[in-house]
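In: return a 3D structure for these sequence lines:
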Amino acid sequence: MREFERALNGYEASFYNRMERLGGFGGKADQINGYYVETGDADWFNEDLGRYRSMSPSDIRAAVATFLPLDRRVELIVEPEKKQ
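Out: Coordinates of the predicted model:
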């Protein structure tokens, strides 16, 4: 649960950061344009953020089970080489 909350907080911080940026790619104008193109509503900020706030750890587990089934994925563990 703690890892989930940390990830959600990070996403939310990134979300606000994008909306504070004025120029360049990925800033406020791009975000508002994207909302308008995708939803027809340039003021879709709260609904978009709400999608992430309404998630729970069980939603993540369900998505993983659907899109990353055990028989169709590879898990890789990298350990540093031990000094001799």
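
In: relative to residue 76, how far out is residue 27?
Out: 35 Å (CB to CB, to the nearest Å). From N, CA and C alone the C-beta is placed, and that goes for glycine too.

In: my bad, should have said residue 48
Out: From residue 48 to residue 76 the distance is 32 Å (CB to CB).

In: what of residue 17?
Out: 31 Å.

In: cool, and residue 16?
Out: 33 Å.

In: now residue 24
Out: For residue 24, the distance to residue 76 - CB to CB - is 35 Å.

In: the more surrounded of the two?
Out: Taking neighbours as other CB atoms under 10 Å, residue 24 and residue 76 compare with residue 24 leading, 8 against 4.

In: got a pLDDT number for that one?
Out: We note a pLDDT of 71 for residue 24 in this prediction.

In: go on, residue 3?
Out: On the pLDDT scale, residue 3 gets 90.

In: which residue is nearest the centroid of this protein?
Out: residue 11 (5.5 Å; CA atoms, centre = their mean).

In: got the contact list for the residue lying closest to that one once chain neighbours are set aside?
Out: Nearest residue to residue 11 in three dimensions, chain neighbours excluded: residue 52, at 5.8 Å (CB to CB, 6 or more residues apart in numbering). Residue 52 makes contact with 8, 11, 12, 15 under the criterion CB atoms under 8 Å, 6 or more residues apart in numbering.

In: all set now, cheers.
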